[in-house]
Each structure stands twice: as structure tokens, then as C-alpha cells.
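Build me a structure from this.
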Amino acid sequence: MRKKSNMLLGSLIVVMSISAISFIIMLNQINTIERQNNLLQNELYGMKTDINHISQRISELNESEQWILNEVFKPIEANSTPEEIHLSLTISLKEVGEGNTVHVLYKEIEKSDWKEAPANHTEGLNYRASLQLSPQKEYVYQVVSDGEISRTDEPKEIPSHIYRPAPLTIISDGMGRESNGELNSIRIELSENKPLFSFFRTEKVIAKIYYEDKPGEEIELDEVDYGFPDERYWLLELNETKENINSIYIRTEYANGSIHEGELYPNESYTGKPHN
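Below is the predicted model of the structure:
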């Protein structure tokens, strides 16, 4: 009996020893993993620091090579009409050769002939040019300095929202569905900030709804007054819709006769530029 107890005790000691050894090995492995993790974190931090330094250096090099420091377009409301938009472009340059003249070249994207607008000196290295644009076209421009040392900027697009009416902004949209996934309610809210010109003002907003089982319909949206003087809102709200809706389009009509139309449902593509 005593011999059996000694065997059991011996076996227990062996098991405990193996467990202790396994525990020590596991601790060492954990410590090794932690050390490797710390090394990896340090390497990642060093890489991130290097990338930041490289990005900063690239930015500094780009700034050192940048000739045009700032460009600001502003509408000239007194001279503008629905057919012709007048803009001023103020340019801040890094340097201009002595005796050089500065001017702005601009053209319709589809055409090859450039128009030239002289840029008059205002103060320091600032110049201002006047441009005349059609709201029905799209334009590119570039700044040129002619003289003993000439410089030319790369052509860039003139931002269209400055000389064309802008599409309404979708500020919220909600779709309610049945348990089977069918659409049963819609709530879409659209807004317009105060336009640059009165003739870019939205005159009418129409929702065009196309159904699966019956002819489509057009609903003119009522304007919602939230009390903001420089913002306008329209709301499309359909509750407990029983018909299967295939698609919804929004048509916006502007005071100058321009139209913008885009799909809201099921594929939102209410983007692009108004047209006549």
C-alpha cells in the first residue's frame, strides 16, 4: 500500500514538473512574442516617420516650384446676363520677370482657339483679369507671363459652379421597405444655397416616378420654409406606397432656362451639369 502511495506521489511530482516546465516554456514564448511585437511596432513607427518626412519634403519641393500661389474667381454681377457670365480672376504669383506682361488664356474645352485676357497689376505680385463665359460651355484656362523670362502654367478647368447653375444638394434620403424587401415609403430632401446670380435660381423641382405596373407620373415638389434666408428646401415624401416603383428622377428647372435631371432611385446619379 505504501509502495502504491509512493508511486502515485512520484507520478504526481512528474506531472507537476512537466506542467511547470510547460508553463515556463509558454511564458518564454509569450515574452518572445511581446518582444517581436514591440520590435515590429518600433519598425512601423520608424517607417511612418520616414514616410512623413518624405511627404513633407515632396510638399516643400512642390511649393518651391509652385509659380501660382493663389487663384480666386469672383462673379461680376453687374455685367453678367443669363447668356454671358463675367468673372474676375485674381492671381498671386511667386515671381514675375522685370518688364513682363501677365495674361490669362482661356477656351472652350472642345475648341482649340484660345482667348486672351490681360491681367492688370493690382499690388505686389497680384494680378487681375476679366473673363466672359457662356453657361452652356465648359472652359479651361492657363496663366502666362511673357517677357525676357517667360513662364506658363498648366491648363486647368474653370470651376463650373461659378458660371453655371448648380444641381440641388441631396441632404437626406430614406427608404422604407416591407418584410419582403418591396419599397413602401420614400423621403428625400433637397436644398439650394443662394446662387451667385438671380437667373441661376431654381424655379421648379419635379419628381418623375416610374412604376412597374402602371404609367409613370410627375409630382411638382413644394418648397419647404425652414427660416434660413440663404437656403431653400424641397421635400419628396411618399408614404405607404403600394405600387412597385422602378425608378425616381428629379428634374430641376432654373430661371435662365437651364435644366438638370438625374436619377435618385435605385441608382443615385443626380450629378452633372445643367443643360438647355
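
Tell me the spacing between residue 208 and residue 247.
Distance from residue 208 to residue 247, counting by C-beta to C-beta, to the nearest Å: 8 Å. C-beta coordinates here come from the backbone N, C-alpha and C atoms, glycine included.

So residue 250 is in contact with residue 268, correct?
No. Using C-beta atoms under 8 Å as the test, residue 250 is too far from residue 268 to be in contact (10.3 Å).

In the stretch 51-200 of the chain, what residue spans correspond to strands?
With DSSP state E, counting those that start in this stretch, the ranges of strands along the stretch 51-200 of the chain come out as 68-75, 85-93, 101-108, 115-118, 120-123, 126-133, 139-146, 151-152, 156-157, 169-177, 183-193.

Could you name the helices and strands sitting against the last one?
Under the contact criterion of 3 or more C-beta pairs under 8 Å, 6 or more residues apart in numbering; DSSP states H and E, the helices and strands touching strand 183-193 comprise strand 169-177, strand 231-238, strand 245-254.

Out of these, the one nearest residue 106 is which?
strand 245-254 (23.7 Å; C-beta to C-beta).

Please work out the average pLDDT along that closest one.
Strand 245-254 shows a mean pLDDT of 92 in the predicted model.

same question, stretch 131-146
The pLDDT scores in stretch 131-146 average 95.

per-domain residue ranges of the protein.
68-162, 169-265 (automatic domain parsing).

centre of the chain versus the longest one, how much separation?
In this case it means domain 169-265. Remark: domain 169-265 is offset 22 Å from the chain centroid, using C-alpha atoms, centre = their mean, to the nearest Å.

And the first one, by the same measure?
Going by C-alpha atoms, centre = their mean, the spacing between the C-alpha centre of domain 68-162 and its chain's C-alpha centre is 24 Å.

Endpoints of it, how far apart?
20 Å (C-alpha to C-alpha, to the nearest Å).

Over to the last one?
Start and end residues of domain 169-265 are separated by 15 Å (C-alpha to C-alpha).

try stretch 72-92
9 Å.

cool, and stretch 106-125?
21 Å.

Equivalent analysis for stretch 152-166, please.
Start-to-end, stretch 152-166 (C-alpha to C-alpha) is 31 Å.

Pull out the buried positions in that stretch.
153, 158, 160, 162-166 (16 or more other C-beta atoms under 10 Å).

Stretch 254-265 too?
Those would be 254-256, 258, 260-262, 264-265, for stretch 254-265 by 16+ other C-beta under 10 Å.

Let's see which of these end up in strands.
Those of the buried residues of stretch 254-265 mapping onto strands are 254, 260-262, 264-265, per DSSP state E.

which among the residues you listed gets closest to residue 178?
residue 265 (15.8 Å).

Please name the bridge partners of residue 190.
residue 170, residue 234 (DSSP bridges).

Distance of residue 257 relative to residue 192?
In terms of C-beta to C-beta, residue 257 sits 17 Å off from residue 192.

Same question for residue 43.
52 Å.

sorry, back to before: flag whichever of the strands of the stretch 51-200 of the chain has the least confidence on average.
strand 169-177 (a mean of 83).

Can you check what angle separates that strand from strand 231-238?
With axes from the mean of the first three to the mean of the last three C-alpha atoms, to 10 degrees defining the directions, strand 169-177 sits at 20 degrees from strand 231-238.

For strand 169-177, which helices and strands make contact with it?
Against strand 169-177 (3+ C-beta pairs under 8 Å, 6+ apart) you get strand 183-193, strand 259-265.

Including distance to residue 123, could those strands go into a markdown table?
Listed next are the helices and strands packed on strand 169-177 as a markdown table, based on distance: least, C-beta to C-beta, whole Å:
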| stretch | distance to residue 123 |
| --- | --- |
| strand 183-193 | 31 |
| strand 259-265 | 40 |
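
Many thanks, have a good one.
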